[in-house]
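S.K.: Test case, fold it:
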Amino acid sequence: MSHPYHTLASMASIERWSDKQMWQILAHYTPDPNQEDKECLYLYRVVSDLFWAAWCHVQMENPSTNSPYTEWRDLFLEAAKERIEILESKNWRVIFDEL
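M.R.: Model prediction:
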């Protein structure tokens, strides 16, 4: 019901895959991925990290859960922040050329 890369990015976010790992999986997911495929997956990864951070934040308010949602939220937020900082840099497309 969503873009195919959204599901892949969500899995990458949950499993804490590196960019290199994402590109390797993308190559199995899409034959001969191009620059636009990598950029799309990267952007969906930011969205997924933010989604999971928000989900963890909501779960923190549920007193019946006994999971480290605060820690998980912070991990997802930090991952999103790092990726956004790269996107804000002047040469953000270099990350795709290096892999």
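S.K.: Low-confidence bits of this protein, can you list those?
M.R.: Across the chain, the stretches falling below the confidence threshold (pLDDT under 70) are 90-99.
S.K.: one more time with 90
M.R.: Along the chain, the parts satisfying pLDDT under 90 run over 1-4, 19-20, 23, 29-32, 34-36, 38-39, 60-67, 83-99.
S.K.: Longest helix in it, please.
M.R.: With DSSP state H applied, the helix covering the greatest number of residues in the chain is identified as helix 35-60.
S.K.: Name the residues of that one that are buried.
M.R.: Of all the residues in helix 35-60, those buried under the rule 16 or more other C-beta atoms under 10 Å are 37-38, 40-42, 44-46, 48-53, 56-57. From N, CA and C alone the C-beta is placed, and that goes for glycine too.
S.K.: List just the nearest of these to A80.
M.R.: For the buried residues of helix 35-60, the minimum distance to A80 (C-beta to C-beta) is 3.8 Å, reached by D49.
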